[in-house]
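1. What follows is a predicted protein model with its sequence.
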Amino acid sequence: MSETIARVCAREYARPCEGIFFNSASWGLVPDSSARESADLTLSRNRTHGFEERELGAAQHRCRSALAELIGGSASEIALVPNTTFGMTLAAALVGSGPPGDVIVSAGEFPANVLPWKSLQQRGFRVVVVPCDSDALPDETALLAAVERQGVRALSVSMVQFASGYRADLARLGAGCKAHDVLFCVDAIQGLGAAPFRVHDVHADVVSAGGQKWLCAPFGSGFTWIRRELLGRFDPPVPSWLALEGSPRVLDTRQYEQEWRGNARKFEPATLGVQDYLGLARSVEILLEVGVESIRDHILHVHEPLIEWASARSDVRMWTPLESARRAGIISFFPPDVSTVAADLRRERVVFSVRDGAIRFAPHFYNTVEEMERVVGLLAAG
Ligand SMILES: Cc1ncc(COP(=O)(O)O)c(C=O)c1O
């Protein structure tokens, strides 16, 4: 564990958690200072005097700025939204504003990256689901071949698959989309915060992520990044009074016919749970303080004892690829009897998930190699 990770963990996760928490693919642990800042904002509203509306705007601005730094985009391209689905719905609205055609997704995707696209079917679009390969992982060669066909409007993929933990080669997929003038949309919730991600390196057009998992933020906080050139191409599906140019001053004039803002705030769904976005801002600042590359290296290190144990066992199959470039935080494997193994681990207070018959561990920067060694000890004893 690096000195920075040790220092930040001692400061932000001072109370030891009970058991071993390997479930950041479901929800991350919220740093103390994020929880505190979020609660303080709520409490400060109760001051009878001195709480200013401008504090709300400042909190949201801070959140967009931290996120922009994390993904290498601009704060003006970031809309704060409550979840991943909202952002994928924005992506579908963008695609739906153009002529009908095909949207490509991989089999096995989380519904948040499929249902918004299906909503376009009634307008003549087709959702083409590309089968996975023989290991039940996204078949990127087949996805790219699909992108090359006539009439394809968008490819939408998860940065990291929620069940297998497969980390997509986004740069390869994004370059293929760019070459064929196909929009490239990324559901980043299972990767962002666990592995480096830069919007321009992967030629992304729209990126959406909830904050509750690897970004270690409150539930209900999230964001969508939309490439600057696309912002003017479509109207917000949720018409918000705060999305108008000049809001909230527009209240004084009741000029309902005003233009939308020129930045991504035009897509924000009116009044937000600002305290949660303040928590998200603080959590992202902490991830930046640690450094996402260090977090990725640390997590890969934590995976090692499990990989070593599994490779010595002929009856255990790893689902997540062993190649480190194809992994982020999730590491999933098939033991011979998943229900018995899951029950044994839960009895020992290991917190994790089971997906598609695989045990899914999701360690983050606050986990240690020693914790994984203990868990492997339990697996070996079982
Ligand atoms: C890949 C993926 N996308 C999206 C979500 C969640 O979607 P939302 O933030 O819209 O609830 C999850 C998990 O909950 C997920 O694993």
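-> It's in.
2. counting contacts, what elements does the helix or strand harbouring Glu55 pack onto?
-> Using DSSP states H and E, Glu55 sits in helix 54-71. Packing contacts for helix 54-71, counted by 3 or more C-beta pairs under 8 Å, 6 or more residues apart in numbering; DSSP states H and E, involve helix 32-44, strand 78-81, strand 222-226, helix 274-290. (Glycine included, C-beta is placed from N, CA and C.)
3. Name the residues of the longest one that are buried.
-> So that's helix 274-290. Within helix 274-290, the residues scored as buried using 16 or more other C-beta atoms under 10 Å are 274-287, 290.
4. can you pull the alpha-carbon coordinates of the next helix or strand after that helix into CSV?
-> Proceeding N to C from helix 274-290, the next assigned helix or strand is helix 292-311, under DSSP H and E. C-alpha atoms of helix 292-311 as CSV (Å, rounded to 0.1, in the frame of the first residue of the first chain):
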residue,chain,number,x,y,z
VAL,A,292,-6.3,7.1,-10.1
GLU,A,293,-3.2,5.4,-11.5
SER,A,294,-2.1,4.5,-8.0
ILE,A,295,-5.6,3.3,-7.2
ARG,A,296,-5.6,1.0,-10.3
ASP,A,297,-2.1,-0.4,-9.4
HIS,A,298,-3.2,-1.0,-5.8
ILE,A,299,-6.4,-2.8,-6.8
LEU,A,300,-4.5,-5.0,-9.2
HIS,A,301,-2.2,-5.9,-6.4
VAL,A,302,-5.1,-6.8,-4.2
HIS,A,303,-6.4,-9.1,-6.9
GLU,A,304,-3.2,-11.1,-7.0
PRO,A,305,-3.7,-13.6,-4.1
LEU,A,306,-7.0,-14.6,-5.6
ILE,A,307,-5.6,-15.1,-9.1
GLU,A,308,-2.7,-17.2,-7.7
TRP,A,309,-5.1,-19.4,-5.7
ALA,A,310,-7.5,-19.8,-8.7
SER,A,311,-4.8,-20.7,-11.1
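5. can you give me the offset of helix 292-311 from its chain's centre?
-> Taking C-alpha atoms, centre = their mean, to the nearest Å, one finds the center of helix 292-311 at 20 Å from the center of the full chain.
6. now the angle between helix 54-71 and that helix, please.
-> On the basis of axes from the mean of the first three to the mean of the last three C-alpha atoms, to 10 degrees, helix 292-311 is oriented at 60 degrees to helix 54-71.
7. After helix 292-311, heading C-terminal, what element do we hit next?
-> Next along from helix 292-311, by DSSP H and E: strand 317-318.
8. give the contact list for the closest residue in space to Glu259 that isn't next to it in sequence.
-> Leaving aside its chain neighbours, Glu259 sits nearest to Glu245 (4.6 Å; criterion: C-beta to C-beta, 6 or more residues apart in numbering). Counting by C-beta atoms under 8 Å, 6 or more residues apart in numbering, Glu245 makes contact with 258-262.
9. Also Gly246?
-> Gly246 makes contacts with Gln258, as judged by C-beta under 8 Å, 6+ apart.
10. so it, which of the three states?
-> When classified by DSSP: H, G, I helix; E, B strand; the rest coil, Gly246 comes out as coil.
11. Which phi and psi values does it adopt?
-> When read as degrees, to the nearest 10, the backbone of Gly246 gives phi 90, psi 0.
12. now it: how far from the ligand?
-> 31 Å (C-beta to the nearest ligand atom, to the nearest Å).
13. Check Ala281 too.
-> Distance, Ala281 to the ligand, using C-beta to the nearest ligand atom: 18 Å.
14. One more: Ala204?
-> Separation of Ala204 from the ligand (C-beta to the nearest ligand atom) stands at 15 Å.
15. My guess is Leu94 contacts Arg227. True?
-> No: taking contacts as C-beta atoms under 8 Å, Leu94 lies outside contact range of Arg227: 9.9 Å.
16. So for those two, which residue has more residues nearby?
-> Using other C-beta atoms under 10 Å, the more surrounded residue of Leu94 and Arg227 is Leu94, with 23 against 20.
17. Look up the closest residue to the more buried one, ignoring the ones flanking it.
-> Leu94 sits nearest to Phe234 (C-beta to C-beta, 6+ apart), 4.9 Å away.
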